Each structure stands twice: as structure tokens, then as C-alpha cells.
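Participant: Sequence first, then the predicted structure:
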Amino acid sequence: MINSTQFSYFTLDAYFDSGVFKYLYFLIILTFYMSVVCVNLLLIVVICMNRSLHEPMYLFLCSLFVNELYGSTGLFPFLLLQILSDIHTVSAPFCFLQIFCVYSYGSVEFLNLAIMSYDRYLAICYPLQYNTRMTSKKIALLIAVTWLFPFLAIAVLIALSAPLKLCGNIINKVYCGNYSIVKLACSDTTVNNIYGLFYTVISVIIPLILIIFSYMKILKVCFSGSKQTRQKAVSTCTPHLVSLLNFSFGSCFQILQSRFDMSTVPSVSGILLSLYFLTCQPLFTPILYGLKMSKIRNICKRLLCGEV
């Protein structure tokens, strides 16, 4: 019979000895993290302080930028500490806290992108009814659901994983993952697997279906509409689509890495790809929207130049 227990700490086995280069890696990641914080904070302040940007599209964008800050803060400080440390262990409570932050970040991101596509669908397909359909109460409700549902869903996920009796405490990743812990369990994990599948469908598959439906309707209107309608659709939807594709790529690899054997992938490549959706998205998204949306771009220019 295999001995099982509840460990007080986990060992992250994906880290390797980089010698003196660890200080270089530390500076690179610190610079990256500070860039993420500065860019997202700038855009949050710009949207909150300018009444001309208190429109549904920009309020959803503000929610997206807050989530980028939240997700990157759940990873980068921990990553910086682990790079400088010689012993790559993490306490069980902190490990589950990180799982909560990382997983809820991913869920909020997908839901936020879904409500943004719904907003663009209403604006392009029903322009005359947009203000009556997208009311202040509806905006507040959509943003609240976007944040509250993932928090509750991940809390249940962790409540199912935390009591599991484990046969080991070595996680082959650079940060904690829920399925990595479930795979260490000696006890029955049927409930965990069923709920994990349910959670994936609700937080990933359904938002993607909503996004695909919205863009099918938008494309239909674009092909049958005027040149002005097509230009408006392209200018407002391009950043959203690029951001969605970027995040979906990172998320898909993360799911594949968790569920399947990826031993054939070089370790360094595996680490970089597993970190992709947590590192590139928080910096890529605000820069993309800041560059593509003229209203935000012009206000940022005035702010940085010291103009009122």
C-alpha cells in the first residue's frame, strides 16, 4: 500500500541552476513586470479620470487592464523570488493562493473578452438600440459576473483539491497548478476531474462560443453594410481579436501541458510557453489597445506631455 499524506510544502522541479545568469534573468523579469504595472496603471488612470471614456467599451477595457495587473502580480513577484533562491519550495497555503490567482485571472480574461465581443456585436449590429440595450445597470452586472463567478468557481476547485491525500510533493512546473497537485493524489480524484472539466467548459468553451457567435453576426453585417460600417468594425474589433488569439494560444498550451505528457518538448521551451499567457498578455493587451484606439492614444499623449 502506498503511503499518502498532506504535505506542508511543494517543490517546484522545473527550475534549473543558472549560476550567475540568475541576476540577469532577475533584472529582465523585473523590468518586464515594472513595464506591465506602469502601462496598465496608466491606462486605468486615463479611463477613470476622463469622462469622455466612461463608455461601455472603455469600462470593459478598464476591467481587462485591472485583470492584467491582478494576474501578473500573482506570478511575477513569486517568479523573481524563486529565481534568486537556491531552494525552490513553496508552502502549501501559498501554493493554493497562487492557483487561485492564476486560474481566476484566466477565467476573468476569457469572460471579459466575451462581454467585449458582445458589446461590439450590439454596437455594430444594433447601433440605434445600443444605448437602450447596454445600460449602466447591465454594464455593472456584466462586470460583476465577470469577476465574481471565477472567484467562486476557483474557490470550489481549491476546496476539492486541498484535502487530497498526496503520494508526493514535486511539481514539474515553475509555479503551482491545480491539476499538477491532483496528479499527485493517491486518493480518488473522480470528483476533481469532473469538476475540472465542468469548470473548463464554463470558463473557456462557453465564452469562446459567445465570441464566435458575436463575430459571425458582425461579419454578416459588415459584408452587407456600407464601407463606413466595415471600417468601423475593423477599427474596433481588430485589437480585440488579436488579444483573444494571443491569449487563446497561451491558454491552449497551458491546458495541453497540464493534461498531457510534454516530455518531448525541450524544458526551456516548455517553461517559456507555460509562462506565455501570464507574461505576454498583461503587457501585450494594453499596448495593443493604447496604440489602436485613437481616443486612448490621444489622451495618453496629452497626459504624458503634461497637458490638461
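Facilitator: Perfect, I can see it now.
Participant: What are the boundaries of the strands in the stretch 51-200 of the chain?
Facilitator: In the stretch 51-200 of the chain, the strands defined using DSSP state E, counting those that start in this stretch lie at 89-91, 170-171.
Participant: Including mean pLDDT, mean neighbour count and distance to Leu291, could those strands go into a markdown table?
Facilitator: For the C-beta atoms, the positions are set from N, CA and C on the backbone; glycine is no exception. Output for these, formatted as a markdown table (pLDDT from 0 to 100; neighbours: other CB atoms under 10 Å; distance: least, CB to CB, whole Å):
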| stretch | mean pLDDT | mean neighbour count | distance to Leu291 |
| --- | --- | --- | --- |
| strand 89-91 | 89 | 15 | 37 |
| strand 170-171 | 86 | 16 | 38 |
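Participant: what's in contact with the helix or strand harbouring Lys220?
Facilitator: Element membership of Lys220, judged by DSSP states H and E, is helix 206-224. With contacts defined as CB atoms under 8 Å, 6 or more residues apart in numbering, helix 206-224 is touched by 110-111, 113-114, 117-118, 120-121, 124-125, 229-230, 233-234, 237, 241, 244, 248.
Participant: residue contacts, Val90?
Facilitator: Per CB under 8 Å, 6+ apart, neighbours of Val90: 9-10, 12, 78, 98, 176.
Participant: wait, which of the residues you listed is closest to Val145?
Facilitator: Gln98 (24.2 Å; CB to CB).
Participant: tally of neighbours for the spatially closest residue to that closest one that is not a sequence neighbour?
Facilitator: Leaving aside its chain neighbours, Gln98 sits nearest to Cys176 (4.7 Å; criterion: CB to CB, 6 or more residues apart in numbering). Neighbour count for Cys176, taken as other CB atoms under 10 Å: 23.
Participant: what's the farthest-apart pair in the contacts of Val90?
Facilitator: Tyr9 and Phe78 (14.1 Å).
Participant: Settle it for me: which of the two has more neighbours?
Facilitator: Neighbour count, other CB under 10 Å: between Tyr9 and Phe78, Phe78 has more, with 21 against 12.
Participant: thought that one was touching Cys101?
Facilitator: No. Using CB atoms under 8 Å, Phe78 is not in contact with Cys101, being 9.3 Å away.
Participant: Give me the pLDDT for Val308.
Facilitator: Residue-level confidence at Val308 comes out at 49, pLDDT.
Participant: Using a markdown table, please lay out the strands of the stretch 51-200 of the chain together with distance to Ile158.
Facilitator: Output for those, formatted as a markdown table (distance: least, CB to CB, whole Å):
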| stretch | distance to Ile158 |
| --- | --- |
| strand 89-91 | 14 |
| strand 170-171 | 15 |
